[in-house]
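Visitor: What shape does this take:
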Amino acid sequence: MDKKDSRGEVNTGVAGSENVSVAARLCYVDDSRTSAYVVRRLLQPFGYQVDHFSSAEPAFVALVQEDYDLLLTDLKVSPTGMDGDDLIRTLRQSGHPKISVMPIIVITGATDAEVLVNVYDAGANQVMKKPVNADELDGHIRRLLFDGRQLEAKPPKVRPGKTGRGPDNGKVVTLHTTYRPLREPELPVTPQQTSSPSKSVAEKANIPVLTSAPPVIEPVQPATSAAPVLPAARASKDSSILRAMENGSNATITDDGKTIDVGQPVSAVAGGPDKSEEAPTVEPDVFKAQNTAKTDDYNILGEIEQYPLLEDQRAGLFGRSGTLDMLHSFVEMVGVRGLLLRVLGVAVVVIAALMAWDIYFKPAQPVDTVFVESGEIFQSVSVPGRIVSKQRVNVSSARAGRLVEILVKEGDKVKQGQMLAKIDDRELVSRLKRVKISLSSAREDIVMAQRTLDRLRRAYAKGAVAQHLVEDAETDLLTARSKAGIVAEEVRSATLELDSQKITAAFAGTVTARHAEIGQWVDPAETLFTLMDDAQREIEAQVDAADSVAINVGQLVMVSSDAFPGQEWQESVVRLGAEAGSKQDANSVKVYISLGNDAPLLRYGQQVNADIRTVWNLNTLKVPFEALINQDGQTMVAVLEGDSVRMRMIETGIEDFSMAEVKQGLSAGETVILPKGTALKNGDRVYSRQAGE
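Guide: This next block holds a predicted model:
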């Protein structure tokens, strides 16, 4: 039974699965539309697509033909066909590479431990009891889906580290300078030429030779961290370096107890007592084979070569006279407040431009739309039922005996008092004859006693007899009458016993079952026939206990029968069962529905379909479920106004299997957008998709 009433991306939520997204399409099998509706609503916020089947057979076909990730099923899904545990065993034993290992969750109201153990033995991965918690159900689904979709860890790409010093890992210690070079170059940069033995390049080019000492080169050793050199220690170190350069290029210098090789890569340092401005740190390309001593070939070109690098470093992004200086000058010129106002103005202009682009130039996207409908909406509980009678009896014999005659068969209509069968009564007939003869004799004794009394009374009147003789005659008459009364009662008793050998109908009706055969020995407790009253037929239905709370006497019921396709008639609820069903139906309540004259000719026990309307409204506004949007706990719809989206909050009421009642917020005929997974917001440009687009 079920209540009348798509595929999403979900995160598994399991540790280690934060980056795993799975397409979760679920197959739900339950004969209760109410349960199907509830499960859909529970799983909707998590993005699952739930396809509902009211029986196991079509669900099995869909599992084979379609692409499902997980199965949800109830245990009792069919009174006659395949149940949930049968479906699970069929899937596990199918040998199909997909469905035989599909995760399965059983949602049931059964509480018997043995039943639950059998479900696990059949192959279920998880069993949950009704009612289920949405977060708990979602957690089980995520866990089972993640177990089937583990990603193989890829080995990290490791590049072996290099050893030794090379061009990729070499570092030069950064030394802060406090003076500019001794001499500012005035000539353009010219590539350094190789000196010849006879004449230097400077002499060939007729360029004046620098007679002063070249720029001071500070030798350092490679280090992993750049430790700044304090200005107090720089004066002594600079003088030591100059003396070493005068002595030769391979000289070593002891500085604070450390030996420094001049041939290692160094940082250029320039000094001058009259220069107080601190220059930025530079790292010139000084090669190991470079001769740092004063020679004939060393000229102004060698000095000029060092300055392009120095000027490039000074002109960097964070140079003192670069971008930061410009920004600092601009801030001083306009002020902090003016700068903030200008930045704010630019931001407003940019935002306005983006909004204008989004509104007027962004292309509109196609959407599906529907009109707000006006009509009937109802919420119902659909249950199967069967034809029964309010007055139904099992006919049995009043006395033990052997059946000698059966006068009816199953399906016969009988009248009240009509004989159905007869037990052997020959002994009772004989007894009845005997007591009747005794009754006749007793009656004759009364006559004789009466005559004697009359004669003695006449004689006594004449004085011929004594009075005591009259009194004795009166006593004999009374005794004869008493004996006659006893015999008469024996006759009536024998007659009743003889009549009890006949099995008759207690009321007019139809014989719906016959369990007797001629020659059978019967006892008083044994049922021989089942008799139902035709005038008191009704429909008996089993309803889930969870659904029964919404059912009341007098509610409208739409009834149909597979024997009469296309025919539907109205009935009403006449009464509810006082208690839950028997052990196998402990979670159900009996509901009795009228069966009026509009019903077709139905036999006792015939199955019908009953749709009990628990809530309904004959004239109201309604929209499809897929048009509803949940935002911050509020129900909203996207309304198409011209070519723009307008989000509107609404109040909903009755919900059936596909539509929702709109109590407030919409008008009849308005166009509502079906998002279908598209994120919509106010002002989005859209247009209604045409058929076939």
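Visitor: Output the below-cut-off pLDDT ranges for the stretch 101-250 of the chain.
Guide: Across the stretch 101-250 of the chain, the stretches falling below the confidence threshold (pLDDT under 70) are 147-250.
Visitor: again, 50 this time
Guide: Residues of the stretch 101-250 of the chain that meet the criterion pLDDT under 50 lie in 150-250.
Visitor: Could you do the chain as well?
Guide: Short version for the chain, where the test is pLDDT under 50: 1-22, 150-320.
Visitor: okay, now the domains of it?
Guide: Domain segmentation of the chain under automatic domain parsing yields 2-147, 201-314, 324-362, 366-375+617-688.
Visitor: Could you give the number of residues near the nearest residue to Thr671 once chain neighbours are set aside?
Guide: Counting by Cβ to Cβ, 6 or more residues apart in numbering, the nearest residue to Thr671 once its immediate chain neighbours are dropped is Leu640, at 4.3 Å. The way it works is simple: take the backbone N, C-alpha and C, and place the C-beta from them, glycine included. Taking other Cβ atoms under 10 Å as the neighbour definition, Leu640 ends up with a count of 17.
Visitor: Adjacent strands (with direction) for the stretch of helix or strand Leu640 belongs to?
Guide: In this structure, Leu640 is located in strand 634-641 according to DSSP states H and E. Using DSSP bridges, the strands paired with strand 634-641 in its sheet are strand 629-631 (antiparallel), strand 644-649 (antiparallel), strand 671-674 (antiparallel).
Visitor: tell me the most buried of these?
Guide: Across these, averaging neighbours per residue (mean count of other Cβ atoms under 10 Å) puts strand 671-674 on top, at a mean of 20.
Visitor: continuing past that one, what's the next helix or strand?
Guide: Taking DSSP H and E as the definition, the helix or strand that follows strand 671-674 towards the C-terminus is strand 686-688.
Visitor: longest single helix anywhere in the protein?
Guide: Counting residues, the longest helix found in the chain (DSSP state H) is helix 426-462.
Visitor: Doesn't Val64 lie inside a strand?
Guide: No - Val64 sits outside any strand when classified using DSSP: H, G, I helix; E, B strand; the rest coil, being helix.
Visitor: Report the contact partners of it.
Guide: Applying Cβ atoms under 8 Å, 6 or more residues apart in numbering to Val64 gives the contacts 94, 96, 99.
Visitor: one more time with 7 Å, if that's ok
Guide: 96, 99 (Cβ atoms under 7 Å, 6 or more residues apart in numbering).
Visitor: Now do it against Glu57, distance only.
Guide: Applying Cβ to Cβ, to the nearest Å, one obtains 11 Å for the distance of Val64 from Glu57.
Visitor: So which residues make contact with stretch 462-471?
Guide: Taking Cβ under 7 Å, 6+ apart as the rule, stretch 462-471 contacts 456-457, 459-460.
Visitor: Which residues are in contact with the spatially closest residue to Lys409 that is not a sequence neighbour?
Guide: Spatial nearest neighbour of Lys409, chain neighbours left out: Arg514 (6.1 Å); criterion: Cβ to Cβ, 6+ apart. For Arg514, the contacting residues are 409-410, 529, taking Cβ under 7 Å, 6+ apart as the criterion.
Visitor: distance of Arg514 from Ile377?
Guide: According to Cβ to Cβ, Arg514 and Ile377 sit 49 Å apart.
Visitor: ok, now Glu517?
Guide: Look at Glu517 and Ile377: by Cβ to Cβ, they are 57 Å apart.
Visitor: before we move on, what about Ala364?
Guide: When Cβ to Cβ is applied, the distance between Ala364 and Ile377 equals 33 Å.
Visitor: Among those two, which residue is more densely surrounded?
Guide: In terms of neighbours (other Cβ under 10 Å), Ile377 is the more surrounded of Ala364 and Ile377; the figures are 23 against 11.
Visitor: Surely that one is in a strand?
Guide: Yes - according to three-state DSSP, Ile377 belongs to a strand.
Visitor: what is it paired to in the beta sheet?
Guide: With beta bridges defined as DSSP bridges, Ile377 has these partners: Asn617.
Visitor: Kindly report the same for Ala541.
Guide: Gly385, Val591.
Visitor: Relative to Gly669, how far out is the nearest residue to Leu618 once chain neighbours are set aside?
Guide: Counting by Cβ to Cβ, 6+ apart, Glu376 is the residue found nearest to Leu618 once chain neighbours are left out, at 5.2 Å. Using Cβ to Cβ, Glu376 is found at 18 Å from Gly669.
Visitor: now swap in Arg648 and tell me
Guide: Separation of Arg648 from Gly669 (Cβ to Cβ) stands at 15 Å.
Visitor: ok, now Ser55?
Guide: The spacing between Ser55 and Gly669, counted by Cβ to Cβ, is 40 Å.
Visitor: Any chance of TSV for the strands paired with strand 634-641, columns distance to Leu428?
Guide: Formatted as TSV, those follow (distance: least, Cβ to Cβ, whole Å):
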stretch	distance to Leu428
strand 629-631	81
strand 644-649	86
strand 671-674	82
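Visitor: Ok, which of those comes nearest Val349?
Guide: Within the strands paired with strand 634-641, the stretch nearest Val349 is strand 644-649; the backing value is 23.6 Å (Cβ to Cβ).
Visitor: and the next element down the chain from that closest one?
Guide: Beyond strand 644-649 in the direction of the C-terminus, DSSP H and E gives the next helix or strand as strand 651-655.
Visitor: Go through that following strand and flag the buried ones.
Guide: 652-655 (16 or more other Cβ atoms under 10 Å).
Visitor: Tell me how far the residue nearest to Leu618 lies from Ile107.
Guide: Using Cβ to Cβ, Glu376 is found at 32 Å from Ile107.
Visitor: Same question for Lys436.
Guide: Remark: distance between Lys436 and Ile107 (Cβ to Cβ) = 74 Å.
Visitor: Much appreciated, bye for now.
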